[in-house]
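A.B. asks: all I have is the shape, not the residue letters:
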């Protein structure tokens, strides 16, 4: 039921907050822009402007009037509104120029996060001031003299001759009469600079731009546009409007309320009724900007890429000649973010005085106007590596490098295309929207037809009346009759109404498609929110050190194709703010967007639409497209409320007199309204004064330092592993995906830091450009004789304070406010970066798989035995997850070698060997150290055994298992201060005994040996249950410390009788060989009681290992036998054969585990669990054995 409402209360419940008029202030005259020369990127613009004819130049505009003076909820920012109403200042035209009116909108953000929307109708008004006309004439005469003066030969002279005072009025008075007469008598010769846009007062009529602006708290785009358009039509009409303009402005400011949620409102403009509506609490928020136009301008695929860039919080720069296109794309893309919100700088229209914000080292979404004929190359952008450049006019989107695909992008594009096609739009982009034809001169409307249309909107027409109206509409369409307000025909009015309804329905359906995607991706996000704080105060006090979302568990439940996008999105400020709001909802009301989203999730769960296995979810199209538009359509077709009609105000006699084409000076006393002042903090971003610019840039510097501190602390907590768990600060491990996510975030921070204030750049990357400048400077400083021959091998080791300090010497690269020129903040920034040297990250090794890397290998002999190292032609072969180095011969009389090969990835094994050159060639090797010269990673391969013939097990080749040494732990690898060590070769603790050797003291109890064996098998099982990209080194789990080979060796050594029965040290391999010989002998004599097939397999494998050309010793042979048995699923059966052999009773005591049938059966069952996994052995382990 329709009701009459008013809005005489606070501005928070009104439809509009302010009405503003901007234009030429005749009292101050023509003022040039004061910022020319303050910023280097404006010099070219203003130099070009001064070369143009004065009538083509831009001059400063001013706020001529704004009502009310102040409100309790929306203080007025005069400078900001003026810049955004007329971003290019005042424009002049003559009667021969086009003077079409233009509409655009803008948004103003405050520090508290709230927004106001501005809607501007700009038109041209005749200049009636003789002073302004004289000033323009004088400028033209000076411009003519400048172009024809023989003393002026450069563009700089032309620029210098332009007036630089604050007002052009003084220019007229400063000319003496003789100069003025000579200028007036000089003929205006025909030249390019003078004939184009020339002006003569006697011949030409001068027009200047003026802007009518309406500021609203919500984006009522269509309603505000209709109101301003009708207001302008009333000004340009021959006939005066029914009421003075003050009545309509007073009505829209103080008597028209904002429609309540879920309701529509009808109010009256100058020429007719206007309807606006607001979605209900269960619907998507208000979005009046036409999404269909945004998709038509860019195309679906481009807009999805733009949305991806916005979601990942890259820097977004929109570029177009049309201001309204900038707002349409910006507002359209932000409405698609539901339920998330953009958290950073948002200026879809960036006026020229605020171009310094392009240096902002934070994510932003800004738009700048393209000058006629300008290209992207003319823009001087300090940071382009993480920039998404959107050329709207040319239908192009240039995303940043390595931008991931949006989840299910192809299916999403297909679904959006279907929606657009249903509304008759081509989805491929490249088309331009046609602007509505300018309205004809206003004429008196038919009150009957107008009332009929209002009754139709309100649903007050019955069946007969509605049928009559439909026939009238059809008749009007056929014959063009039915004059309406503003010269529109009845048919045209209905067509516009239908088009607006169609655009509104398309907006809702397109937004529902994207909202459905976020519902699918984050439908179970509440399960991963961490509520660790008992109360609000403790949560706020430890906000930075508390993780509110289990990112690792959430990512593990997602499809693999979504991980690249989601892993980066979880690090954004918009997602963090979304999760913080969820945590805060325990103690306060939920945010409106989150409340709507959570209710949608509850409805989805009620109907059980979520799939049980989110990791294998399938794309589901939106199923509520038709239902979503019904409520909105019903509100637009039938208004729920009607505002008070405009009425005659108590005005003085003679005020409000109509003068065609000229907006009158409004009577201020009837438009003032001051219910009480409550000043809110205005955003400093829109203040172009030098002090505000300095303060803004200073805030960016402090923000970068704060972000660096938080990021490095988070990276340390994530990477510390077990130490961070003990401190209660993080997870026990870090996956490769999480590592890449953290490193990408750090790289983005470094790029933005080095790009802040950069004014001289090579290429797109600011950091790389800085390094190139630094390298060029170093080459100039060094003499040619000292230059290295290797010109492209740039080594970047650990960060050093001195090295970065030298990079800071290039002060000429940066503007004065740049972060790198703030010494104190720079030192703190480097201190936080240097803290990362305490942990290791392997992202470089995993990412650049084809790069050539130098490796340094150092062989360390056992020092405490003081045995001289004597080796004959030693060699090494280093293996990693990406391949091996091949055999590398170590030079004579040295213990190290440096070689270069393709990236090996994370190192796993190292083969160390020498030639068989007699008994003197032997060495007791402590370990081998391998250093990656690019990344600085150091790997330690423990050995602790002899290498040589006649000592130990007589091995001439060892296969060692590597472990990554934590930074600072090279000297004492036993003390781990950071990253927990990986499995390595069994350390010997100073003993000369070795793997599988009886000489090792046996102090472990049977329970401990069995526990170690179960733990080794359990580690292998957990390894295969992890995602493939998160698995560690399988070789280390098999052959490293605590691995399967080590645990089986302990099992077989338990209860072994003393070696005094033999004349030399005995190894487990000796026992295996005796068992094999015994089986082969029994088989020949027919006395073999065990399975012939199993016995043959053990004998075959053992003989093949012995026949290998590699001299890997008895320890290596036993290790190889265990690995092959696990791979081929034979190890449990072999264990039974060894336990049942008659030699076991001779070699082992009764208490030995191998003689305990229960223990052997238990171990066999445990080993059987490995049969379901495909175990692939490294080439370094099985080389030379053909099995």
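C.D. replies: Alright, I've got the coordinates. If you're wondering where the values come from, they're calculated on a predicted model, not measured in any experiment. Numbers count the residues shown, from 1 in each chain.
A.B. asks: only C-alpha atoms from now on, for both contacts and neighbour counts.
C.D. replies: OK.
A.B. asks: sketch out the low-pLDDT regions of the stretch 701-850 of the chain for me.
C.D. replies: Counting by pLDDT under 70, the stretch 701-850 of the chain contains low-confidence ranges at 719-737, 781-812, 842-846.
A.B. asks: over to the stretch 1001-1150 of the chain?
C.D. replies: Low-confidence segments of the stretch 1001-1150 of the chain (pLDDT under 70): 1001-1003, 1029-1030, 1058-1066, 1085-1091.
A.B. asks: where along it do the helices fall?
C.D. replies: 1006-1025, 1034-1039, 1044-1053, 1068-1085, 1092-1106, 1113-1127, 1131-1140, 1142-1147 (DSSP state H, counting those that start in this stretch).
A.B. asks: now the longest one: buried residues?
C.D. replies: Using 16 or more other C-alpha atoms under 10 Å as the burial criterion, the residues of helix 1006-1025 that qualify are 1006, 1009-1010, 1012-1020, 1023-1024.
A.B. asks: out of the helices of the stretch 1001-1150 of the chain, flag the one nearest residue 404.
C.D. replies: With C-alpha to C-alpha, the closest approach to residue 404 among those belongs to helix 1006-1025: 26.8 Å.
A.B. asks: looking at this structure, which helix or strand is least sure?
C.D. replies: The helix or strand with the lowest mean pLDDT-type score in the chain, counting by mean pLDDT, DSSP states H and E, is helix 722-726 (a mean of 38).
A.B. asks: just checking, what packs against the very next helix or strand once past it?
C.D. replies: Past helix 722-726, further along toward the C-terminus, the next helix or strand under DSSP states H and E is helix 736-755. If you count contacts as 3 or more C-alpha pairs under 8 Å, 6 or more residues apart in numbering; DSSP states H and E, helix 736-755 packs onto helix 563-569, helix 690-719, helix 766-781, helix 843-847.
A.B. asks: packing partners for the top helix by length along the chain?
C.D. replies: When secondary structure is assigned using DSSP state H, the longest helix within the chain turns out to be helix 490-521. Where contact means 3+ C-alpha pairs under 8 Å, 6+ apart, helix 490-521 is packed against helix 291-298, helix 409-422, helix 463-479, helix 592-606, helix 625-628, helix 630-637.
A.B. asks: would you list the ones you listed in JSON lines and tack on distance to residue 1051?
C.D. replies: Supplementary listing: the helices and strands packed on helix 490-521 in JSON lines, determined by distance: least, C-alpha to C-alpha, whole Å:
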{"stretch": "helix 291-298", "distance to residue 1051": "69"}
{"stretch": "helix 409-422", "distance to residue 1051": "55"}
{"stretch": "helix 463-479", "distance to residue 1051": "95"}
{"stretch": "helix 592-606", "distance to residue 1051": "53"}
{"stretch": "helix 625-628", "distance to residue 1051": "67"}
{"stretch": "helix 630-637", "distance to residue 1051": "74"}
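A.B. asks: distance-wise, check residue 317 relative to residue 338.
C.D. replies: Relative to residue 338, residue 317 is positioned 21 Å away (criterion: C-alpha to C-alpha, to the nearest Å).
A.B. asks: related to what we said a few turns ago, now distance to residue 564 too, for the helices of the stretch 1001-1150 of the chain, in TSV please.
C.D. replies: Putting the helices of the stretch 1001-1150 of the chain into TSV (distance: least, C-alpha to C-alpha, whole Å) gives the following:
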stretch	distance to residue 564
helix 1006-1025	21
helix 1034-1039	25
helix 1044-1053	35
helix 1068-1085	48
helix 1092-1106	45
helix 1113-1127	33
helix 1131-1140	40
helix 1142-1147	56
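A.B. asks: and the pLDDT for residue 349?
C.D. replies: The model reports residue 349 with a pLDDT of 93.
A.B. asks: for the closest residue to it other than its chain neighbours, give the beta-bridge partners.
C.D. replies: Excluding the flanking residues, the one nearest residue 349 by C-alpha to C-alpha, 6 or more residues apart in numbering is residue 367, at 4.9 Å. Beta-bridge pairing of residue 367 under DSSP bridges involves residue 318.
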